[in-house]
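Chemist: need a structure here:
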Amino acid sequence: MEPRISLITLGVADLARATRFYEECLGLPRLQTPPSITFFELGKTWLALWPRESLAADAGLAPEGTGFRGFALAHNVRSPAEVDALLAHAAACGGTVTRPGQPTDWGGYSGYFCDPDGFVWEVAHNPDFPHV
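Modeler: From the prediction side, this is the model:
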């Protein structure tokens, strides 16, 4: 397998609400898509929002499940102030800050929020991370 992720698909409870959050709040560039799914282009990786039941059926799984899903998505920014600003903006748009920005033991600064469907995002400033 080549080392890359091509597409991340989040199973969401309300496609219109999730699309608004990612497009209007986080400012992700939305692609033209059919009404049953939403795609955002993030460089060489795309983010897809698809109704939870549809994604579960496609994967051959039951759609039920709550709580921590065992992974977090991450977005790196250029400064601690940007971490705090993005966390506040996500909260103002309906997200939930689960850990405010704070210094880390690895020399950076990070905090976490959940989108309206409970997907966890870390917002981090890592002075040694080359891709921001």
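
Chemist: okay, CA-based contacts and neighbour counts for the rest of this
Modeler: Noted.

Chemist: For the lowest-mean-pLDDT helix or strand in the chain, which outside residues touch it?
Modeler: Ranked by mean pLDDT, DSSP states H and E, the weakest helix or strand in the chain is helix 52-59, scoring a mean of 87. Contacts to helix 52-59, defined as C-alpha atoms under 8 Å, 6 or more residues apart in numbering, come from residues 10-13, 62-63.

Chemist: give the contact list for Gly30.
Modeler: Heads up, residue 30 is Arg, not Gly. The neighbours of Arg30, taking C-alpha under 8 Å, 6+ apart as the test, are 23, 38-41.

Chemist: Looking at those residues, which are in strands?
Modeler: Using DSSP state E, the members of those that fall in strands are 38-41.

Chemist: And the residue lying closest to Phe21 once chain neighbours are set aside, how far from Val77?
Modeler: Excluding the flanking residues, the one nearest Phe21 by C-alpha to C-alpha, 6 or more residues apart in numbering is Cys93, at 6.7 Å. Plainly put, Cys93 is 19 Å away from Val77 if you go by C-alpha to C-alpha, to the nearest Å.

Chemist: helix or strand right after the lengthiest helix in the chain?
Modeler: Secondary structure of the chain per DSSP state H: the longest helix is helix 80-92. Later in the chain than helix 80-92, the nearest helix or strand by DSSP states H and E is strand 96-103.
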